[in-house]
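A.B. asks: Could you work out the structure for the sequence below:
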Amino acid sequence: MNLSQLYYFRKLAELQHYAKAAKELYITQPSLSNAISSLEQELGVSLFQKTGRNVHLTKYGCEFLVYVNKGLEHIDKGIAVMKNYAGTSDGGKIDLGCIITVQTDYIPRLLNDYKSVAGNVSFSVREDTSLPLVKDLLSGCYDVVFCARGEDDPSLTYVPVLTQRVVVAMSADCPLANRPFVTPADLQEQHLISYADTIPLGRSIKRMLDERGVDNVEYSYLDESILAGFAANSAEAAIMLDTFFLRSVDNVVVKPFHLSHLERRTCYHRVYMAYSTKNYHPYCVDRFIQYVVENRALKPDPNARYID
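C.D. replies: Have a look, this model is predicted:
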């Protein structure tokens, strides 16, 4: 039994005439007759009964048609879905993952801009932290992800697309609140909190502060809203990114973070678009990657200091 036989059976059941069914199927009448006979032999039952020039379904054919219709409906739907995934010049579906700090502003703007030039493409967007995003990208759950740069993998390509300023957040009562900017030297006597050192950003900040002798830091937090809340309502200062979480908290003072009083370059953390070169990419995904590379990729700023 093959798929063609089932389509032939369904068409003959619809038209109840071999010549008409063969014409619509673009095959010869003997080919259709042989296919139906072979199907009946394999099933061990008669599916059609001749009535003059027409044929009618037997009771076995009527029951079998129910299953064939359901099966072919699912197959046709699956084919349509797969074609939609693959995409054409104006369609397709892309599975995208992103960190939460870009979910509410950068990603919506990017996707709206892309849809204005790419036509009927659709996106499935899910949020997670960087390490799970990269893991799921490598396993094929995502087509592309927007995340911090993690461990290098030869199959991964990282394209920098966005910078987020590294700042020190504190309450108005903090001794550092009146300074125009804050350096590692200023933080020696201040209890600090920052991102957990189990995530790429936390490791980068810890490495940078360790190199400058700042060891009074609690690296425990994944949620930026918690960092901002502690900074605004306690004696602790938070080294964190200047994102919408920080701007949504009342009574918090935010100061730029510079590596020294002499080196007053602003510190930034970069967000990357990552994709795997070992995974299959349908046309719609390749086109989206190309769009981001050509229109959103960042060039290094010599006046900035990057903490990746």
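
A.B. asks: what's the longest helix in this structure?
C.D. replies: helix 59-86 (DSSP state H).

A.B. asks: ok, now which ones touch residue 259?
C.D. replies: Contact analysis of residue 259 by C-beta atoms under 8 Å, 6 or more residues apart in numbering lists 183-184, 208, 212, 265, 267, 305. For glycine as for every other residue, the C-beta is placed from the backbone atoms N, C-alpha and C.

A.B. asks: which among those end up buried?
C.D. replies: Buried members of the contacts of residue 259, scored by 16 or more other C-beta atoms under 10 Å, are 183-184, 208, 267, 305.

A.B. asks: Neighbours of the closest residue to residue 61 other than its chain neighbours, how many?
C.D. replies: Leaving aside its chain neighbours, residue 61 sits nearest to residue 47 (3.8 Å; criterion: C-beta to C-beta, 6 or more residues apart in numbering). Residues lying near residue 47 (other C-beta atoms under 10 Å) number 23.

A.B. asks: Quickly note the distance from residue 47 to residue 5.
C.D. replies: 11 Å (C-beta to C-beta, to the nearest Å).

A.B. asks: hey, what's in contact with both of those two?
C.D. replies: Counting by C-beta under 8 Å, 6+ apart, the residues touching both residue 47 and residue 5 are 36, 39.

A.B. asks: Would you map the helices across this protein?
C.D. replies: 3-15, 18-25, 29-43, 59-86, 106-118, 130-138, 200-211, 224-233, 244-247, 283-295.

A.B. asks: What about the buried ones among the contacts of residue 259, which are in strands?
C.D. replies: 267, 305 (DSSP state E).

A.B. asks: Pipe the buried ones among the contacts of residue 259 into JSON lines and attach distance to residue 27 and pLDDT per row.
C.D. replies: Shown next, in JSON lines, are the buried ones among the contacts of residue 259 (distance: C-beta to C-beta, whole Å; pLDDT from 0 to 100):
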{"residue": "183", "distance to residue 27": "80", "pLDDT": "91"}
{"residue": "184", "distance to residue 27": "78", "pLDDT": "91"}
{"residue": "208", "distance to residue 27": "71", "pLDDT": "90"}
{"residue": "267", "distance to residue 27": "70", "pLDDT": "89"}
{"residue": "305", "distance to residue 27": "70", "pLDDT": "86"}
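
A.B. asks: between the buried ones among the contacts of residue 259, which is nearest residue 195?
C.D. replies: When those are ranked by distance to residue 195 (C-beta to C-beta), residue 208 comes first, at 12.0 Å.

A.B. asks: contacting residues for that closest one?
C.D. replies: Counting by C-beta under 8 Å, 6+ apart, the residues that residue 208 touches are 259, 307.

A.B. asks: Give me the distance between it and residue 259.
C.D. replies: Taking C-beta to C-beta, one finds residue 208 at 8 Å from residue 259.

A.B. asks: Residue 227 now?
C.D. replies: 21 Å.

A.B. asks: One more: residue 139?
C.D. replies: 38 Å.

A.B. asks: hmm, who's touching stretch 226-241?
C.D. replies: 101, 164-171, 173-174, 176, 182, 187, 190-195, 201, 205, 209, 217-218, 221, 224, 245-246, 248-252, 257, 269.

A.B. asks: gap between stretch 287-300 and the chain center?
C.D. replies: Its chain's C-alpha centre and that of stretch 287-300 lie 16 Å apart, by C-alpha atoms, centre = their mean, to the nearest Å.

A.B. asks: mind listing what's buried in the lowest-mean-pLDDT helix or strand in the chain?
C.D. replies: Here the helix or strand of the chain ranked lowest by mean pLDDT, DSSP states H and E is helix 244-247, holding a mean of 80. Of the residues in helix 244-247, 245-246 count as buried by neighbour count, 16+ other C-beta under 10 Å.

A.B. asks: Run a quick neighbour tally on the closest residue to residue 281 other than its chain neighbours.
C.D. replies: Nearest non-adjacent residue to residue 281, counting by C-beta to C-beta, 6+ apart: residue 143, 6.7 Å away. Residues lying near residue 143 (other C-beta under 10 Å) number 26.
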